[in-house]
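>>> Got a predicted structure here, sequence first:
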Amino acid sequence: QVRLVESGGGLVQAGGSLRLSCAASGRTSSTYTMGWFRQAPGKEREFVGRIRWSGGGTYYADSVKGRFTISIDNAKNTVYLQMSSLKPEDTAVYYCAGAPGIAFGARGQYAYWGQGTQVTVSS
């Protein structure tokens with residue numbers, strides 16, 4: 001089992017930046033892919049981006065490409081989501097997720113989920 005805990009959410013003005021963290025514990029050796037998703041009120045959870053646990057292989061949704069960057073610090077078992085040029089439409093609860101194999105944007109590919117952290121972008 002892998003436990004994921006997100007942190008770093010908060011309130012930020014449009015155009016600002018925020019960095020989310022996802023600390024992983026437990027059987028992290030069983031994790032191949034780490035992903036970030038988000039869910040706005042009244043909407044389905046959507047894919048934001050992913051990275052291989054070993055690093056590299058980043059892939060982003062078109063809506064965040066060029067503004068968001070995912071990285072990983074294996075020594076700390078922590079995945080980061082650096083968000084820049086934030087827009088009000090980025091407001092959502094952000095979740096990190098882990099997959100035991102190769103995974104991209106499909107939620108069903110991810111077996112482990114964090115509890116989420118709220119990001120609110122004011123206009």
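Structure's in. What do you need? Numbers count the residues shown, from 1 in each chain.
>>> so what's the residue sitting furthest away from the middle of the chain closest to, chain neighbours aside?
When distances to the mean C-alpha position of the chain are computed (CA atoms, centre = their mean), the maximum falls on Ser123, with 22.6 Å. Ranked by CB to CB, 6 or more residues apart in numbering and with sequence neighbours excluded, the top spatial neighbour of Ser123 is Pro88, at 4.8 Å. The C-beta positions use only the backbone N, C-alpha and C, and glycine is treated the same way.
>>> what does Ser122 give?
On the basis of CB to CB, 6+ apart, the spatially nearest residue to Ser122 that is not a chain neighbour turns out to be Gln13, at 5.5 Å.
>>> My read is that Thr78 contacts Leu20, right?
No. With contact defined as CB atoms under 8 Å, Thr78 and Leu20 do not form a contacting pair (10.4 Å).
>>> quick one: which of these two has more around it?
Here Thr78 and Leu20 are compared on neighbour count by other CB atoms under 10 Å; more neighbours surround Leu20, at 24 against 17.
>>> Neighbours of the residue nearest to Ser122, how many?
Look at Gln13: counted by other CB under 10 Å, it has 10 neighbours.
>>> pretty sure it is touching Thr120, no?
No. The pair Gln13 and Thr120 does not pass the contact test of CB under 8 Å, sitting 10.1 Å apart.
>>> so how far is Pro100 from the residue nearest to Ser123?
For Pro88, the distance to Pro100 under the criterion CB to CB, to the nearest Å works out to 35 Å.
>>> go on, Val5?
For Val5, the distance to Pro100 equals 19 Å [CB to CB].
>>> same question, Met34
11 Å.
>>> So for those two, which sits in the more crowded spot?
Neighbours were tallied for Met34 and for Pro100 using other CB under 10 Å; the higher tally belongs to Met34 (27 against 15).
>>> Packing partners of the helix or strand hosting the more buried one?
With elements delineated by DSSP states H and E, Met34 resides in strand 33-39, which encompasses its position. Under the contact criterion of 3 or more CB pairs under 8 Å, 6 or more residues apart in numbering; DSSP states H and E, the helices and strands touching strand 33-39 comprise strand 18-26, strand 46-52, strand 68-73, strand 78-83, strand 92-99.
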